[in-house]
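S.K.: what's the 3D shape of this:
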Amino acid sequence: VGLMLAGLLWWLLWAQLKPLSDTTRFLAEMSDSEQPLCLLPSARKDEIGSLIGSFNRLMEVIEKRGSDLRESESRYRMLFEEMSDAFVLYAVETDAAGKPCDFVWLSANPVFDRLTGLVGDDIIGRRVTDIFSDHLAWTGPMSRVAESGVPETFEFRSPRSDSTVEVRVFRPALGQVACMFSDISARKRAEEALRRNLQNFRDFFAKNSLVMLLVDPQTGCIAEANRAAIAFYGYPYEQLIGKSLSDINDTPSAQFEAESTRAMQAERDALLLVHRLANGELRDVEVHLSPIDYEGRTMLFSLVHDVTERKRAEDKLIQLAQTDMLTGLPNRRHFIEMAERELDRRHRYGGPLSVLMMDIDHFKQVNDTYGHQVGDTVLQTVGQHFPPMLRNSDFVGRLGGEEFAAMLPETEAGRALEVAERVRQQVEKMEIACEDGRPLRFTLSIGVASLDGPGDCSLDALLAQADEALYAAKRDGRNRVQMFAPG
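M.R.: Numbers count the residues shown, from 1 in each chain. All right, here's what the predicted structure looks like:
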């Protein structure tokens, strides 16, 4: 009898644990394989079958996010490969105090190889301090940009082409620094020629292909312009001469003041401005200024370099790094950056602040029933309608999957509940047409957390409170708004 009981007990344990054993072996085989993720087989209806089913749903979400990432990467790669300027992306390494101390090559486009002689495949994964003996000339400005986010520019001599290269450093995202490299040898030769031989300046000035102006510093008016400047601005010579710089400068006053301050603090001679041409077109320009003695008068010699395409490429890279490609909303990283800044402002100046965590109800069922394309349309429809439902000072982002978050500055709890209820009602009225013409409607559950009184709270804690309220709304039946209740 004892042997029979022992045998029966062994058989029961084996029957219960076999699916877990099979699952463990299946996962081990997947981890050693380069095949795409696939679902685990299970026909069980008990707790073990439920566990495997949850794992399968997680795999579906991971595969969908991977598809979105591959689409974004494809667009980024196309822009990356077709750039006319050299471009490099670095990861920021920090020391124990959290300060940038080194930079690791993540990627470099083909133009970088040709311009610098540094082959991308040989430097990817290596540190800047390992490549450049004079690395302080690189890590200094890169560290400042990594911390402040304010772009900087420096120059170096390319060992391969013996040319002067201008490096513009900017921060596309936290934890990353990017560099745009431009060959400025022609500009440098022009400046050197001007210093060496002022007696030939008139001929040099008139025939040069670079846009050049002589500006009277007393009046701010253009005293002389070369043929390249006349062609660029589109004015006849007689109209361009005597025109005030303020007539062609269309830079917003705040940007102009910021550029002037940076130029004075960094003791550099370049300003990033916006100039208006005769036909009304606006162009981003980099203006290099240096005083010269011209016919017994001190004049400002101005080299105007059209950087519109470079600026657009930089803006596009920053947009790609900050935007959710499906909905057009800020992605999780950019939303967190904006939310941290808003929370810092609240800590300094006080005032109420609220957060909404929003989740589309039964979204997996939409994907399973109608397909991921319809699911994407639902996400796009909701994402496009969020901004008009909020104030200009509010901002919303997609945190991932079907989850969104909104930050409402200067908004106390009662008002936040009203906003959330209005958003919920608007989404409830939305519908999209399926392929067979049938309308599909969907709903939203929203959790609200607020900071109304004195005291500080971290962003993670505030988001966790809103998330807890969101799950309470889900538990209570979905398609509802729930306020976070401490305790």
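S.K.: show me the strands paired with the longest strand along the chain, marking each as parallel or antiparallel.
M.R.: The residue-count maximum for a strand in the chain (DSSP state E) belongs to strand 282-294. Paired neighbours of strand 282-294 in the sheet (DSSP bridges): strand 270-276 (antiparallel), strand 297-306 (antiparallel).
S.K.: would a markdown table of the ones you listed with distance to Asp247, mean pLDDT and mean neighbour count be doable?
M.R.: Bear in mind the C-beta positions are built from the backbone N, C-alpha and C, glycine included. Formatted as a markdown table, the strands paired with strand 282-294 follow (distance: least, C-beta to C-beta, whole Å; pLDDT from 0 to 100; neighbours: other C-beta atoms under 10 Å):
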| stretch | distance to Asp247 | mean pLDDT | mean neighbour count |
| --- | --- | --- | --- |
| strand 270-276 | 8 | 88 | 19 |
| strand 297-306 | 14 | 88 | 18 |
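S.K.: generate JSON lines for these, with distance to Arg283 as supplementary columns.
M.R.: Listed next are those as JSON lines, based on distance: least, C-beta to C-beta, whole Å:
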{"stretch": "strand 270-276", "distance to Arg283": "6"}
{"stretch": "strand 297-306", "distance to Arg283": "6"}
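S.K.: indicate which one of those is closest to Gly397.
M.R.: With C-beta to C-beta as the measure, strand 270-276 is the member of those nearest Gly397 (28.4 Å).
S.K.: and the host helix or strand of Val382, what other elements does it pack with?
M.R.: For Val382, the element it lies in under DSSP states H and E is helix 372-389. Here helix 372-389 touches strand 353-360, helix 363-370, strand 395-400, strand 403-409, helix 413-429, strand 431-433, going by 3 or more C-beta pairs under 8 Å, 6 or more residues apart in numbering; DSSP states H and E.
S.K.: then the first one to CSV, C-alphas only?
M.R.: Spelled out, it's strand 353-360. What follows is strand 353-360, C-alpha atoms only, in CSV (Å, rounded to 0.1, in the frame of the first residue of the first chain):
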residue,chain,number,x,y,z
LEU,A,353,0.0,70.1,-10.5
SER,A,354,-1.8,67.0,-11.7
VAL,A,355,-1.0,63.9,-13.8
LEU,A,356,-3.4,61.7,-15.8
MET,A,357,-2.5,58.1,-16.6
MET,A,358,-4.8,56.8,-19.4
ASP,A,359,-5.2,53.3,-20.9
ILE,A,360,-7.4,52.2,-23.7
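S.K.: am I right that Asp467 is in a strand?
M.R.: No - with DSSP: H, G, I helix; E, B strand; the rest coil as the criterion, Asp467 is helix rather than part of a strand.
S.K.: mind checking pLDDT for it?
M.R.: Note on Asp467: pLDDT of 94.
S.K.: got the contact list for it?
M.R.: 357, 447 (C-beta atoms under 8 Å, 6 or more residues apart in numbering).
S.K.: ok, the closest residue to Tyr235 other than its chain neighbours - how many residues close by?
M.R.: Computed as C-beta to C-beta, 6 or more residues apart in numbering, the closest residue to Tyr235 that is not its neighbour in sequence is Ala278, at 4.8 Å. Counted with other C-beta atoms under 10 Å, the neighbours of Ala278 add up to 14.
S.K.: output the below-cut-off pLDDT ranges for the stretch 251-400 of the chain.
M.R.: Within the stretch 251-400 of the chain, the segments meeting pLDDT under 70 span 259-269.
S.K.: meant to ask about the stretch 1-150 of the chain
M.R.: 1-83, 119-120, 135.
S.K.: now do Arg341 against Gly149, distance only.
M.R.: Arg341 sits 11 Å away from Gly149, going by C-beta to C-beta, to the nearest Å.
S.K.: still on that earlier bit, nearest to Cys179, out of the helices and strands packed on helix 372-389?
M.R.: Among these, strand 395-400 sits nearest to Cys179 (C-beta to C-beta), with 27.5 Å.
S.K.: each with direction, which strands does the closest one pair with?
M.R.: If you go by DSSP bridges, strand 395-400 pairs up with strand 403-409 (antiparallel).
S.K.: tell me the angle the strand it pairs with makes with helix 372-389.
M.R.: 10 degrees (axes from the mean of the first three to the mean of the last three C-alpha atoms, to 10 degrees).
S.K.: looking at the helices and strands packed on helix 372-389, which is nearest to Thr94?
M.R.: Ranking these by proximity to Thr94 (C-beta to C-beta) places strand 395-400 first, at 25.0 Å.
S.K.: list the contacts of that closest one.
M.R.: By C-beta under 8 Å, 6+ apart, strand 395-400 touches 65, 324, 326-327, 329-332, 334-335, 338, 379, 383, 386-387, 390, 404-407.
S.K.: what separates it from the chain centre, distance-wise?
M.R.: Relative to its chain's centre, strand 395-400 lies at 13 Å (C-alpha atoms, centre = their mean, to the nearest Å).
S.K.: buried ones in it?
M.R.: 395-399 (16 or more other C-beta atoms under 10 Å).
S.K.: tell me the one among those residues nearest to Gly375.
M.R.: Distances from Gly375 to these, taken by C-beta to C-beta, are shortest for Arg398, at 13.3 Å.
S.K.: count the neighbours of Asp315 for me.
M.R.: Asp315, neighbours per other C-beta under 10 Å, totals 11.
S.K.: swap that for Gly98, please
M.R.: Gly98: 8 surrounding residues under other C-beta under 10 Å.
S.K.: Three-state assignment for it, please.
M.R.: Gly98 falls in the coil class when you classify it by three-state DSSP.
S.K.: over to Phe181?
M.R.: strand.
S.K.: quick one, phi psi at the closest residue to it other than its chain neighbours?
M.R.: Once flanking residues are discounted, Phe181 sits nearest to Ala86: 3.6 Å by C-beta to C-beta, 6+ apart. Phi and psi for Ala86, reported as degrees, to the nearest 10, are phi -70, psi 150.
S.K.: against Lys243, how distant is Ala86?
M.R.: 36 Å.
S.K.: out of those two, which sits in the more crowded spot?
M.R.: Shown here are Ala86 and Lys243; by other C-beta under 10 Å, Ala86 has more neighbours (23 against 16).
S.K.: right, and the more buried one touches Leu118 too?
M.R.: No - look at Ala86 against Leu118 with C-beta atoms under 8 Å: they stay out of range, at 9.8 Å.
S.K.: if I look at these two, which residues touch both of them?
M.R.: By the contact definition C-beta under 8 Å, 6+ apart, Ala86 and Leu118 are jointly contacted by 108, 112.
S.K.: what about Phe256, neighbour count?
M.R.: 16.
S.K.: try Asn392
M.R.: Neighbours around Asn392, by other C-beta under 10 Å: 6.
S.K.: same question for Ser450.
M.R.: Counted with other C-beta under 10 Å, Ser450 comes out at 23.
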